[in-house]
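Chemist: predicted coordinates and the sequence they were generated for:
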Amino acid sequence: MKKYKHYYLTSESVTEGHPDKVCDFISDSILDACLEQDKESRVAVETFISKDKVVVAGQITSNAKINIENILRERLKEVGYTDSSINMDYKTCKVDINITKQSNDIAIGVNDGGAGDQGIMFGYATDESEDYMPYPISVAHKLSKRLAEVRKNGEMPYLKSDGKVQVTVEYVNDAPIRIDTILIYEERRNR
């Protein structure tokens, strides 16, 4: 008798206006702006968002001349942070920027081929989906993207830009066999 390996895997994706995603979007945009002007830029920037305030802090060593406040306000506008009564207004929110140069100790480690003090990554490619992502996260990302589309195109104008999608998939012998649960949480505007 063949023994089956049976389990459930849940993955979560957040929509474009979720504070975690917005913070990453701002930090990544700062990095991109630095690298556009100086390919040798060293950027370790974190962003924090709370009701009507954005804090950007970290270390940048670069010859690039960028305007961090303009970058972050454009990203907030892009993801729908346009009304302080429902989330935040990119035009009027408070901004606090605290950027220093990279410390010499970290620079030495990076100069010798290291990755500094940032990040531990985990991931893998799989043939479970067309995008080579595990099936649960692939489905969750597609649903999150669709939520943004229907908010922006007016099909569901009452949605805010902040939301989450969780997808649970049943696996047998390491193969996805069915979606067990989909949970969608999306902030709504008052009607």
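Modeler: Okay, I see it.

Chemist: helices or strands up against the strand or helix carrying residue 13?
Modeler: According to DSSP states H and E, residue 13 maps onto strand 6-14. Judged by 3 or more Cβ pairs under 8 Å, 6 or more residues apart in numbering; DSSP states H and E, the packing partners of strand 6-14 are helix 135-152, strand 159-172. Where C-beta positions appear, they are placed from N, C-alpha and C, glycine not excepted.

Chemist: the longest one to strand 6-14, inter-axis angle?
Modeler: Here helix 135-152 runs at 30 degrees with respect to strand 6-14, directions being taken by axes from the mean of the first three to the mean of the last three Cα atoms, to 10 degrees.

Chemist: which residues sit against helix 135-152?
Modeler: Residues from elsewhere that reach helix 135-152 (Cβ atoms under 8 Å, 6 or more residues apart in numbering): 9-17, 80, 126, 128-131, 133, 155-157, 159-161, 163-169, 176, 179, 182, 184, 186.

Chemist: thinking again about what came up before, what's in contact with the strand holding residue 13?
Modeler: Residues from elsewhere that reach strand 6-14, judged by Cβ under 8 Å, 6+ apart: 20-21, 134, 136-137, 139-141, 143-144, 162-172, 180-181.

Chemist: and those residues, which of them are buried?
Modeler: 21, 134, 136-137, 139-141, 143-144, 162-169, 171 (16 or more other Cβ atoms under 10 Å).

Chemist: residue 10 and residue 31: what is the separation?
Modeler: The gap separating residue 10 from residue 31 is 30 Å, by Cβ to Cβ, to the nearest Å.

Chemist: higher neighbour count, those two?
Modeler: Legend: neighbour count by other Cβ atoms under 10 Å for residue 10 and residue 31, higher for residue 31 (17 against 14).

Chemist: and residue 19, its phi and psi?
Modeler: When read as degrees, to the nearest 10, the backbone of residue 19 gives phi -50, psi -40.
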